[in-house]
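Peer 1: sharing a sequence plus its predicted fold:
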Amino acid sequence: MNILVIGSGGREHAICWALKKSPRVDKLYCAPGNGGISTIAKCVNIDAVDIDGIVRFSKDNAIDFVMVAPEEPLSRGLVDALESAGIRAFGPRKDAAVIESSKIFSKNLMKKYSIPTAEYETFTDADSAKAYIREKGAPIVIKADGLALGKGVTVAMDLETALQAVDEMMLDRKFGDGGGRVVIEEYMTGPEVTVLAFTDGKTIVPMLSSQDHKRAFTGDLGPNTGGMGAFCPSPNYTDDIAEICMSTIFRPTVDALANEGRVFKGVLYFGLMLTPSGPRVIEYNCRFGDPETQAVVSMLKTDLLDIFEAVVDERLSEIDIEWRDGASCCVVMASGGYPEKYDKGFTISGLDDVPGDITVFHAGTAKSGADFITNGGRILGVTAIGESLTSAAKRAYEGVACIAFEKAHYRTDIGV
Ligand code: AMP
Ligand code: GLY
């Protein structure tokens, strides 16, 4: 089969890496891909949101199957467009992707179907939002309604920060039109866990649990980022909690979407908080997470293409999905200054010195002659597996120690 993966980050590198192992994959393409992905797939210079361009390329190049990884093309209807052109595609249609592209939609869905989440109100004007914040007091959480690259959330520990966040989102439009409407919600506490689940709209198969590290600096300090590292599985996610999540969150969510006429097929991302009153949803995403995917896919034994096809063909119940024992850990190496301002174009050295059992997924690199250079905020996801989380993390950091580029920044506490 000829496969096209859409996207350009570490997540897409991990998906390509896993697909590459399938004996049924003939040609593997990635649009637009990155420097690292170009070593295992043919990168084609089409933007991930260029829907017409992707449909045309797929037809012209006899693509049998398209895997759409990022939220932006999903929420703009890339899967719908591919299906209309007769091309099989993995990922939710536009009407189901709204579970990520509108926080108001997802919060209202949870309320309607009694799925546990933080109490909230939605606002379309700044004055009433601020009045509500003054009434409730801090800590309190402010979220832009639309897509904001994982950065449209302010967890405000004091009133001033909360009011300022409203101004930035609603008046300054820091996140564009996505901030025209906001959700203001109750502050929850407890360990966070990510559960990615395959679903064909009927059957749900949760993957191993994982844990992201959203803050920029060691010790969970600094600004929120797209994710500075992940490990899998999460020690907090016990079998008992998994059972509760299936019956109170996963099953009800998939059924709710189907009931609303928005059947969800693809990967549903559950961002959970294990609060003192039980697991509750922080957020949904309509896709694989980044960098959780790098850690989770490293643990997968089953052919990923078999799973993708089973989802698309609605026969997920027929296949067995197997995982390795032990744990995995992905440490993100980022550009100094990320998530704010950073420079690009630095040569990355030492990649060839990384031991073969460690996988370096490229997130933001480009090729420059024989070298790789930095080309983004997050650069690499150095990923190792081990018998325990401790050994996986130790090994991942041994990989990190081999690699250098100017102003490289990484956290020293992923999985530690
Ligand atoms: P999100 O983009 O919705 O995942 O939010 C980013 C981060 O903000 C989450 O990973 C949590 O750490 C934090 N967060 C979001 N919502 C809440 C909440 N209601 N209470 C406490 N922390 C939250
Ligand atoms: N790791 C968080 C996300 O992918 O949104």
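Peer 2: In hand now; what should we look at? Ligands and ions are numbered 1, 2, ... in the order given.
Peer 1: CA only for contacts and neighbour counts going forward, please
Peer 2: OK.
Peer 1: how about the residues of the stretch 151-300 of the chain by ligand 2?
Peer 2: For the stretch 151-300 of the chain, the residues in contact with ligand 2 (CA under 6 Å from any ligand atom) are 212, 227, 289, 290, 291, 292.
Peer 1: from these, which land in strands?
Peer 2: Under the assignment DSSP state E, those contribute residue 212 to strands.
Peer 1: as CSV, the residues of the stretch 151-300 of the chain next to ligand 2 with neighbour count and pLDDT would be great.
Peer 2: As requested, those are exported to CSV (neighbours: other CA atoms under 10 Å; pLDDT from 0 to 100):
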residue, neighbour count, pLDDT
212, 26, 97
227, 21, 94
289, 26, 97
290, 23, 97
291, 31, 98
292, 28, 98
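Peer 1: ligand 1: which of the residues of the stretch 151-300 of the chain next to ligand 2 is nearest?
Peer 2: residue 212 (8.0 Å; CA to the nearest ligand atom).
Peer 1: report the beta-bridge partner residues of the nearest residue to that closest one once chain neighbours are set aside.
Peer 2: Nearest non-adjacent residue to residue 212, counting by CA to CA, 6 or more residues apart in numbering: residue 230, 4.5 Å away. Assessed by DSSP bridges, residue 230 has beta-bridge partners residue 212, residue 330.
Peer 1: pretty sure residue 230 sits against residue 331.
Peer 2: Yes: using CA atoms under 8 Å, residue 230 is in contact with residue 331, at 6.8 Å.
Peer 1: common neighbours of the two, please.
Peer 2: Each of residue 414 lies in contact with both residue 230 and residue 331 under the rule CA atoms under 8 Å, 6 or more residues apart in numbering.
Peer 1: check contacts around the residue nearest to residue 212.
Peer 2: Counted by CA under 8 Å, 6+ apart, residue 230 has contacts 210-213, 291-292, 294-295, 329-331, 414-415.
Peer 1: so how far is residue 62 from the residue in the stretch 251-400 of the chain that ligand 2 sits nearest to?
Peer 2: The nearest approach of the stretch 251-400 of the chain to ligand 2 comes at residue 289, 3.2 Å away (CA to the nearest ligand atom). Separation of residue 289 from residue 62 (CA to CA, to the nearest Å): 29 Å.
Peer 1: for ligand 1, what are the nearby residues on the stretch 201-350 of the chain?
Peer 2: 282, 283.
Peer 1: low-confidence ranges in the stretch 201-350 of the chain?
Peer 2: Judged against pLDDT under 70, the stretch 201-350 of the chain has no low-scoring part.
Peer 1: can you show me the strands along it?
Peer 2: Taking DSSP state E, counting those that start in this stretch to define them, one finds strands in the stretch 201-350 of the chain at 204-206, 211-212, 215-217, 221-224, 229-232, 266-275, 278-285, 327-335, 347-348.
Peer 1: so which elements touch the second one?
Peer 2: What that stands for is strand 211-212. Applying 3 or more CA pairs under 8 Å, 6 or more residues apart in numbering; DSSP states H and E, one finds that strand 211-212 contacts strand 192-199, strand 229-232.
Peer 1: got a list of contacts for it?
Peer 2: Here strand 211-212 has contacts from 192-194, 227-234, 291-292, using CA under 8 Å, 6+ apart.
Peer 1: from the residues you listed, which single one is nearest residue 46?
Peer 2: Proximity of the contacts of strand 211-212 to residue 46, judged by CA to CA, is greatest for residue 291, which lies at 23.0 Å.
Peer 1: pretty sure that closest one sits against residue 232.
Peer 2: No: here residue 291 does not reach residue 232: they are 10.8 Å apart, not a contact under CA under 8 Å.
Peer 1: how about the helices in the stretch 51-200 of the chain?
Peer 2: 51-60, 71-75, 78-84, 94-101, 103-112, 126-136, 159-166 (DSSP state H, counting those that start in this stretch).
Peer 1: quick one, which of the strands of the stretch 201-350 of the chain is nearest to residue 302?
Peer 2: Of the strands of the stretch 201-350 of the chain, nearest to residue 302 by CA to CA is strand 204-206, at 13.0 Å.
Peer 1: list the neighbouring strands of that closest one plus their orientation.
Peer 2: By DSSP bridges, strand 204-206 pairs with strand 192-199 (antiparallel).
Peer 1: pLDDT averaged over the partner strand - what is it?
Peer 2: Strand 192-199 comes out with an average pLDDT of 98.
Peer 1: so what touches that strand?
Peer 2: 204-212, 234, 236-237, 254, 264-274, 288-289, 292, 311, 316.
Peer 1: of those, which qualify as buried by neighbour count?
Peer 2: 204-212, 234, 237, 254, 264-274, 288-289, 292, 311, 316 (16 or more other CA atoms under 10 Å).
Peer 1: what's next to stretch 69-82, contact-wise?
Peer 2: For stretch 69-82, using CA under 8 Å, 6+ apart, the contacting residues are 5-7, 11-12, 48-49, 51, 55, 68, 88-95, 97-98, 100-101, 147, 285-288.
Peer 1: that stretch vs ligand 1: in contact?
Peer 2: No: against ligand 1, stretch 69-82 shows no contacts by CA under 6 Å from any ligand atom, the least distance being 13.2 Å.
Peer 1: buried sites along that stretch?
Peer 2: Applying 16+ other CA under 10 Å to stretch 69-82 flags 69-82 as buried.
Peer 1: likewise stretch 129-137?
Peer 2: Buried, per 16+ other CA under 10 Å, within stretch 129-137: 129, 130, 133.
Peer 1: do you know how far residue 61 is from ligand 2?
Peer 2: Distance of residue 61 to ligand 2, computed by CA to the nearest ligand atom, to the nearest Å: 30 Å.
Peer 1: what is the neighbour count of that residue?
Peer 2: 13 (other CA atoms under 10 Å).
Peer 1: dump stretch 380-396 to CSV, keeping only the CA atoms.
Peer 2: Taking C-alpha atoms only, stretch 380-396 is exported to CSV below (Å, rounded to 0.1, in the frame of the first residue of the first chain):
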residue,chain,number,x,y,z
LEU,A,380,14.0,16.3,18.9
GLY,A,381,12.3,13.7,21.1
VAL,A,382,14.9,11.3,22.4
THR,A,383,13.0,8.1,23.2
ALA,A,384,14.1,5.0,25.0
ILE,A,385,12.4,1.9,26.4
GLY,A,386,13.3,0.0,29.5
GLU,A,387,12.2,-2.6,32.0
SER,A,388,11.0,0.2,34.3
LEU,A,389,10.4,3.9,34.0
THR,A,390,13.6,4.5,35.8
SER,A,391,15.7,2.6,33.3
ALA,A,392,13.8,4.0,30.3
ALA,A,393,14.4,7.6,31.6
LYS,A,394,18.1,6.9,32.3
ARG,A,395,18.6,5.5,28.8
ALA,A,396,16.8,8.4,27.2
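Peer 1: appreciated, that's everything.
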